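Q: Sequence first, then the predicted structure:
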Amino acid sequence: MWNKLFTPMLLSEEKEVINKKNYLYELKYDGMRTLIYVSPINLKIITRNKKDVTHLFPELNTIKELVKNKTIFDGEIICMENGLPSFSKLQSRLHLKNTYKINNQSINNTVTFICFDIIYQDKNLNNLKLIERKKILDKINDNNVFVKSFYILNNGKKLYKNVLKLGMEGIVEKDINSTYEINVRSTSWIKVKNIKTNYFYIGGYTYNNTNLFSVYLGEYKNNKLYYVGKVFIKKKNILFEELKKIHSNINPFYDFKNEIQFVKVIKKIKIKYIERTKNNHLRQPFYDI
């Protein structure tokens with residue numbers, strides 16, 4: 001395992017939290033899932049897509065001080081803003097190439113690695129039960145960039161209720177007896193997202209030869225329609241035929257200049273999404289009839 005790249009154990013998804021016996025419940029952090037391969041002399045940060053991003057986060061090098069042998073941690077890299085994880089702040093670091101800018105951001109926009117599992121410590125730990133791996137992880141100290149994930153046993157509904165109040169991304173339910181399944185989307189780990197819902201106006205659409213079309217969404221502020229994002233919808237949906245009947249040659253958006261098929265702004269649809277970005281666009285929007 002130490003010498004191989006692999007996909008971390010991925011999560012299944014459910015729409016509601018159910019208190020389950022022999023399950024633990026953790027916060028779902030809005031960041032970047034990573035595996036950290038670390039020893040006292042070396043550190044490597046690998047994304048779930050097996051991309052090496054070590055150079056982007058020099059501040060995480062201090063994790064080397066916490067281990068005495070070869071170790072693989074599983075967790076989430078996050079940036080904090082106003083006391084909550086901010087994916088927008090993290091995004092500002094993901095595409096940097098200039099070494100000076102990377103080092104500057106490592107000081108002024110520091111990340112934290114939220115660690116929720118340990119799957120290697122001089123030997124494979126993936127066949128141990130989760131609760132046993134947690135006990136091993138508990139022996140690792142935290143520092144200013146490495147923090148072990150908080151969790152509670154059995155009462156997930158209470159945690160989820162607090163997540164909704166705070167506006168965080170959601171929670172994760174994990175079977176305490178589960179082994180660590182690499183390269184697998186497991187039913188032993190389940191995410192329940194905090195999905196937000198709102199109605200948005202349709203300002204236009206595009207389509208091609210696939211069975212999907214893109215609907216461009218907006219919301220009014222000061223009598224101006226501001227673009228908030230687009231969502232993919234199947235062409236067989238009746239909405240596609242309705243939009244073709246209200247074509248317009250006028251761009252209704254105040255801040256969107258691309259060439260699409262515009263429509264008269266008379267129709268709203270209900271969209272679900274995770275959060276708003278800094279420019280007020282919808283993150284991970286989807287149309288669910």
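A: Thanks, I have the structure now.
Q: Low-confidence regions, this protein specifically.
A: Within the chain, the stretches with pLDDT under 70 are 289.
Q: so where do the helices sit in it?
A: Residue ranges of the helices in the chain, as given by DSSP state H, are 87-94, 99-108, 130-137, 156-166, 238-244.
Q: Any chance of TSV for the ones you listed, columns mean neighbour count and distance to residue 211?
A: From N, CA and C alone the C-beta is placed, and that goes for glycine too. Shown next, in TSV, are these (neighbours: other Cβ atoms under 10 Å; distance: least, Cβ to Cβ, whole Å):
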stretch	mean neighbour count	distance to residue 211
helix 87-94	17	30
helix 99-108	13	41
helix 130-137	18	40
helix 156-166	15	35
helix 238-244	14	10
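Q: Among those, which comes closest to residue 229?
A: Each of the helices of the chain was scored for nearness to residue 229 using Cβ to Cβ, and the closest is helix 87-94 (13.9 Å).
Q: So what touches that closest one?
A: 30-32, 53, 56-57, 77-81, 102, 105, 109, 111, 275, 277-278, 283 (Cβ atoms under 8 Å, 6 or more residues apart in numbering).
Q: on that earlier part again, save the helices of the chain as JSON lines, and put in distance to residue 225 too.
A: Formatted as JSON lines, the helices of the chain follow (distance: least, Cβ to Cβ, whole Å):
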{"stretch": "helix 87-94", "distance to residue 225": "23"}
{"stretch": "helix 99-108", "distance to residue 225": "35"}
{"stretch": "helix 130-137", "distance to residue 225": "49"}
{"stretch": "helix 156-166", "distance to residue 225": "30"}
{"stretch": "helix 238-244", "distance to residue 225": "16"}
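Q: So for residue 19, which of these sits nearest?
A: Closest to residue 19 of the helices of the chain, according to Cβ to Cβ: helix 156-166, at 5.6 Å.
Q: list the helices and strands that closest one packs on?
A: Counting contacts by 3 or more Cβ pairs under 8 Å, 6 or more residues apart in numbering; DSSP states H and E, helix 156-166 packs against strand 23-28, strand 170-175.
Q: on that earlier part again, give the ChimeraX command for selecting the buried subset of the contacts of helix 87-94.
A: A single ChimeraX command selects the buried members of the contacts of helix 87-94 (16 or more other Cβ atoms under 10 Å):
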select :30,31,32,53,56,57,77,78,79,102,105,109,111,275
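Q: I'd say residue 251 and residue 263 touch.
A: No - at 10.6 Å, residue 251 and residue 263 do not qualify as touching, with contact defined as Cβ atoms under 8 Å.
Q: what sits in contact with each of the two?
A: 203-204.
Q: Who has more neighbours out of the two?
A: Counted by other Cβ atoms under 10 Å, residue 251 and residue 263 do not tie: residue 263 has more neighbours, with 23 against 15.
Q: ok, the more buried one to residue 223 distance?
A: For residue 263, the distance to residue 223 equals 19 Å [Cβ to Cβ, to the nearest Å].
Q: Send me stretch 128-148 as CSV with only the CA atoms.
A: Provided in CSV are the C-alpha atoms of stretch 128-148 (Å, rounded to 0.1, in the frame of the first residue of the first chain):
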residue,chain,number,x,y,z
LEU,A,128,-8.8,-3.4,11.0
LYS,A,129,-12.2,-2.2,12.1
LEU,A,130,-12.8,1.6,11.8
ILE,A,131,-13.1,2.0,15.6
GLU,A,132,-9.7,0.3,16.1
ARG,A,133,-8.1,2.5,13.5
LYS,A,134,-9.6,5.5,15.3
LYS,A,135,-7.8,4.4,18.5
ILE,A,136,-4.5,4.3,16.7
LEU,A,137,-5.2,7.7,15.2
ASP,A,138,-6.0,9.1,18.6
LYS,A,139,-2.4,8.5,19.6
ILE,A,140,-1.2,11.0,17.0
ASN,A,141,-1.0,14.6,18.3
ASP,A,142,-2.6,17.5,16.6
ASN,A,143,-0.7,20.6,15.5
ASN,A,144,-1.6,23.9,13.9
VAL,A,145,-2.3,22.3,10.4
PHE,A,146,-3.2,18.7,11.4
VAL,A,147,-6.5,18.2,13.3
LYS,A,148,-8.2,14.9,14.0
